[in-house]
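K.L.:
Show me how the following folds:
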Amino acid sequence: MASTEVKVSSDGESNIHRAPSLSKGGEEPAENDGPIDRPKLNFSSPSAFFSSLNQKLKGIFTKRFIFALLAGQLVSICISGTSVATTELVKRNWALPTTQTMFLYFSLFIIYTPYTIFKYGLKGWAKMIWHDGWKYIVLSACDVEGNFLVVKAYQYTNLLNCMLLNVWATPVCMLFAWIYMRVRYQKTQFLGVAISICGLGLLVASDQITYKDYDPLNRAIGSGYMIAGATLYGFTNATEEFLVRSRPFYEVVGQLGMWGFIINSIQAAGLEHKDMHTVSWNGTTIGIIVAYTAAMFILYTFAPLIMRTSSSVYYNMSLLSSEFYGLIFGLGLYHYRPYWLYFIAFATVITGLIIYFWNATREYR
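P.N.:
Sure, this is the predicted structure:
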């Protein structure tokens, strides 16, 4: 995947794969203009320090960062919603992880693939499939199996173990982002990642203190599934960022939906065809599946936009706050009681996201 190139015409412009600029009314943010030039702090006097700090904060809290921050928390809420939906399905003895995600990939396919054909024309779309389809097949296969492995992990190990092991996706994502784009990470970015992970640690500690967990069936098997799934998550997020830097997001998401639906359907037919006839398909179950699909659809739509305005690493960091939103859902559904450490943990994650942007250069070249 690292050797992927964008084919250009003789005038240097991409005929099919050029991503439109948001500033010109397109669907995506503008391309990189170089490193972010932010003023340094001035410690010569108190007034100079606060003046330079104010200028630095203005350089951080840009429209780009505010969008990435808010969109990141939106997808974090969606992740929490999907966890709640999956929990409710399991309570109703509806446990078909591959079938469950099949509706997601189908919805992405029927929305974004026709739009891609409209933008490119049928001939241009077919040409894109011929030249680049194999890349999207690899991306989709890893995404499908990543989702499958993580759901399987929850069947064997407990929630806290899964949350801790899922952090592995962030360093994997950083590694593949460096391989693909030779990202030059700043010290403050490593610090921001570390602080956000510490925030997750506080969330896990809060769950442990308030006893919101369960005994694992087989921790070793579950941990293996989770590490494998987190590795695929890190790989697919970095790969999606790499692709969406040079292609419109509707092409990337449409291809992910199309190939993901095909792969997912084949796997569901092979692994879950018997259970499809035995599980309950009543109105409540269908409603939960619709809610799950809607939340995942929002997540898959905003993910590439977040990756273009910030990075895939930032996207992974944003998801670390999902446990806090899980508490919000739990207050109404499971009668959880808010614990004071949750709010400190959430603030710690957000602080890590801000620090990640503190001296960062834009991570696309």
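
K.L.:
With just CA atoms, put the helix or strand hosting Ala269 into PDB.
P.N.:
Ala269 is part of helix 249-271 when elements are defined by DSSP states H and E. The C-alpha coordinates for helix 249-271 follow below in PDB (Å, rounded to 0.1, in the frame of the first residue of the first chain):
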ATOM      1  CA  PHE A 249     -13.900  10.800   0.600                       C
ATOM      2  CA  TYR A 250     -17.000   9.600  -1.300                       C
ATOM      3  CA  GLU A 251     -14.800   7.400  -3.500                       C
ATOM      4  CA  VAL A 252     -13.000   5.900  -0.500                       C
ATOM      5  CA  VAL A 253     -16.100   5.300   1.600                       C
ATOM      6  CA  GLY A 254     -18.100   4.000  -1.400                       C
ATOM      7  CA  GLN A 255     -15.400   1.500  -2.200                       C
ATOM      8  CA  LEU A 256     -15.100   0.500   1.400                       C
ATOM      9  CA  GLY A 257     -18.900  -0.100   1.500                       C
ATOM     10  CA  MET A 258     -19.000  -2.000  -1.800                       C
ATOM     11  CA  TRP A 259     -16.100  -4.400  -1.200                       C
ATOM     12  CA  GLY A 260     -16.900  -4.600   2.500                       C
ATOM     13  CA  PHE A 261     -20.500  -5.700   1.700                       C
ATOM     14  CA  ILE A 262     -19.300  -8.400  -0.700                       C
ATOM     15  CA  ILE A 263     -16.700  -9.700   1.700                       C
ATOM     16  CA  ASN A 264     -19.000  -9.400   4.700                       C
ATOM     17  CA  SER A 265     -21.900 -11.200   3.000                       C
ATOM     18  CA  ILE A 266     -19.700 -14.100   1.900                       C
ATOM     19  CA  GLN A 267     -18.400 -14.500   5.500                       C
ATOM     20  CA  ALA A 268     -21.900 -14.200   7.000                       C
ATOM     21  CA  ALA A 269     -23.300 -16.800   4.600                       C
ATOM     22  CA  GLY A 270     -20.500 -19.200   5.600                       C
ATOM     23  CA  LEU A 271     -20.400 -18.600   9.400                       C
END
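
K.L.:
ok now it, how far from the chain's centre?
P.N.:
Remark: helix 249-271 is offset 17 Å from the chain centroid, using CA atoms, centre = their mean, to the nearest Å.

K.L.:
Distance check, Tyr315 against Gln55.
P.N.:
Here Tyr315 is placed at a distance of 28 Å from Gln55 (CB to CB, to the nearest Å). Where C-beta positions appear, they are placed from N, C-alpha and C, glycine not excepted.

K.L.:
The two - which one has more neighbours?
P.N.:
Remark: of Tyr315 and Gln55, Tyr315 carries more neighbours, 28 against 14, as counted by other CB atoms under 10 Å.

K.L.:
Next, the angle helix 249-271 makes with the strand or helix carrying Val144.
P.N.:
Using DSSP H and E, Val144 sits within helix 122-156. Going by axes from the mean of the first three to the mean of the last three CA atoms, to 10 degrees, helix 122-156 is angled at 50 degrees with respect to helix 249-271.

K.L.:
tell me which residues of helix 122-156 are tucked away?
P.N.:
125, 128, 132, 135-137, 139-154, 156 (16 or more other CB atoms under 10 Å).

K.L.:
and that helix, what other elements does it pack with?
P.N.:
Secondary-structure packing of helix 122-156 (3 or more CB pairs under 8 Å, 6 or more residues apart in numbering; DSSP states H and E): helix 97-120, helix 159-166, helix 219-244, helix 249-271.

K.L.:
pLDDT wise, what is Ala71 at?
P.N.:
According to the prediction, Ala71 has pLDDT 93.

K.L.:
What count of nearby residues applies to it?
P.N.:
Ala71: 20 neighbours (other CB under 10 Å).

K.L.:
who are the neighbours in contact with it?
P.N.:
By CB atoms under 8 Å, 6 or more residues apart in numbering, Ala71 lies in contact with Phe302, Leu305, Ile306, Thr309.

K.L.:
give me that answer again for 7 Å
P.N.:
Going by CB atoms under 7 Å, 6 or more residues apart in numbering, Ala71 touches Phe302, Leu305, Ile306.

K.L.:
what does Thr301 give?
P.N.:
Thr301 makes contact with Val253, according to CB under 7 Å, 6+ apart.
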